[in-house]
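In: need a structure here:
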Amino acid sequence: MPVSLFDIRVPVVLLRIDRNPFHHGTLGAVRSLGRAGVDVHVVAESAGSPLPRSRFVRQMHPPPPPGSSAREIVLALRRVAARIARPAVLIPMDDASAVAVGLLRDDLAPSYLLPETPAALPGHVADKARLADLCATLDVPHPSTLIPDSPAEAASAAWRLGLPVVAKWSRPWLVPTGTGLRSTVVVRSAQEARELYARSAEAGSRLLLQTFLPPGHELDWFCHGYVDRSGAVRGGGTGVKLRARPRGAGLTAVGRWAPNPRVQALAERLTTALGYRGILDLDFRRCVATDRYHLLDFNPRPGAQFRVFADATGLDVVRAQHLDLTHRPLPGGAPLADREFVVENYAPLSALRPAPAGRELAWHAADDPAPGRALWSLWARHVGGRLLDRLSAPAPRSSPGGAARPLAHVVRQAPAPAADSPVIPVRSTGDEKASSC
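Out: As a prediction, the model looks like this:
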């Protein structure tokens, strides 16, 4: 895409609150916008990350500390804006950031250019309990979901749904570090469900139990896009997850651009009904028994593998947002079907295999080699540290179950976060994306 298409007087600020030093999606956004001639500022943790080595990073800024209030987030972003001294496009790169920016949009608008999406909507779609309710209202396929109110209800719900079941915390960005809790797990017994529910206060949000849709070859799909001011979905497409980490769940280790009109139609129906504007990343799983695509996650920010959808003009979701918010035309490039994206520290052999339709690696790039060179030593240190932490961590203690109460037969909404409540989570510094199994 010609650099002249962009208003390079307008910089970009990428915001990432989640402490994940190996979030390759942030590096993808840095490179995409930097190659277009845009100054890229990053508000994120930089220690132990290859990201600051990129030649396209104009400046790293410290993120708000864990436990920050909404007011503290605004102050941190205003300090960045004061240093830049001109309005910038602000792109949240994780769920916590997207929820916070949505709630704070009016306070940030003088300094930052943001899509005009309803303030509470990012929090509603990111909340797994609210998403289940939205899907039921809009008749979008979604795994059957129950929200228990006690350990005994959790055990009963697991039996009702049919073991194994998927267990999720409704607001995964609130799951604290150091607890051993994961945002999504497969529960294989009623006792496991009971014990997991007993840790609800520790997790920071309600426990959901969902029907388990078995993984399989080319059953996991994703849809990325940018919804522009007119409501059109641009800069993305539909793709299939070929390898995941961990297996059968989690982030895309190897993904391929594969046009899927049914998934695309579901995504466009959702964004139209909700009035959503901005970048989105949707995860689907096809149920073999019904041949229906079930929505598993609605992430109101770029997916880590968004660069798989760089079209023939180079347009992707972060470039689309910058062009749209600076009132520049968005080019209509042809999709590059079968283009692949590989995260080489998760799928090193896949990175070496031939890719006739083209491939992009998450870390290694000929025009920006330093992050790729730094990756392996930093990754070995990171994995070694996590292994030591797990070996030294005490076994989690389960709380006794409560008395049985009638099981909820319908999904109940979790309360929305208050605008002045702490919205910065303390999530794991790990490398796993919150995703459904």
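
In: what comes up buried for the helix ranked longest in the chain?
Out: Looking across the chain with DSSP state H, the single longest helix is helix 369-392. Buried residues in helix 369-392, defined by neighbour count with 16 or more other Cβ atoms under 10 Å: 371-372, 374-375, 378-379, 382. (Each C-beta comes from the backbone N, C-alpha and C, glycine too.)

In: between those residues, which is nearest residue 278?
Out: The closest of the buried residues of helix 369-392 to residue 278 turns out to be residue 371 (Cβ to Cβ; 26.4 Å).

In: ok, back up a step: max pairwise distance over the buried residues of helix 369-392: which two?
Out: Farthest-apart pair in the buried residues of helix 369-392 is 372 and 382; separation 15.5 Å (Cβ to Cβ).

In: moving C-terminal of the strand or helix carrying residue 265, what's the next helix or strand?
Out: For residue 265, the host element (DSSP states H and E) is helix 261-274. Note on helix 261-274: by DSSP H and E, the next helix or strand toward the C-terminus is strand 278-287.

In: Can you name every helix or strand that the helix or strand following that following strand contacts?
Out: Remark: after strand 278-287, the chain's next helix or strand is strand 292-299, criterion DSSP H and E. Counting contacts by 3 or more Cβ pairs under 8 Å, 6 or more residues apart in numbering; DSSP states H and E, strand 292-299 packs against helix 121-126, helix 128-138, helix 261-274, strand 278-287.

In: can you redo those as JSON lines with mean pLDDT?
Out: Compiled in JSON lines, these are given as follows (pLDDT from 0 to 100):
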{"stretch": "helix 121-126", "mean pLDDT": "97"}
{"stretch": "helix 128-138", "mean pLDDT": "96"}
{"stretch": "helix 261-274", "mean pLDDT": "97"}
{"stretch": "strand 278-287", "mean pLDDT": "98"}
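
In: Export those to TSV and append columns for mean neighbour count.
Out: Formatted as TSV, these follow (neighbours: other Cβ atoms under 10 Å):
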stretch	mean neighbour count
helix 121-126	24
helix 128-138	20
helix 261-274	17
strand 278-287	24
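
In: Adding distance to residue 6 as columns, could you present the ones you listed in JSON lines?
Out: As requested, these are exported to JSON lines (distance: least, Cβ to Cβ, whole Å):
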{"stretch": "helix 121-126", "distance to residue 6": "25"}
{"stretch": "helix 128-138", "distance to residue 6": "34"}
{"stretch": "helix 261-274", "distance to residue 6": "24"}
{"stretch": "strand 278-287", "distance to residue 6": "17"}
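
In: in the stretch 1-150 of the chain, which spans are helices?
Out: Taking DSSP state H, counting those that start in this stretch as the test, the helices found in the stretch 1-150 of the chain are 24-35, 70-84, 95-103, 105-108, 121-126, 128-138.

In: Out of these, which one sits most buried?
Out: helix 95-103 (a mean of 28; mean count of other Cβ atoms under 10 Å).

In: Doesn't residue 242 lie inside a strand?
Out: Yes - counting by DSSP: H, G, I helix; E, B strand; the rest coil, residue 242 is found in a strand.

In: so which of the helices of the stretch 1-150 of the chain gets nearest residue 9?
Out: Short answer: helix 70-84, nearest of these by Cβ to Cβ, at 11.4 Å.

In: helices and strands around the closest one, which ones?
Out: Judged by 3+ Cβ pairs under 8 Å, 6+ apart, the packing partners of helix 70-84 are strand 12-15, strand 40-43, strand 57-61, helix 95-103, helix 105-108.
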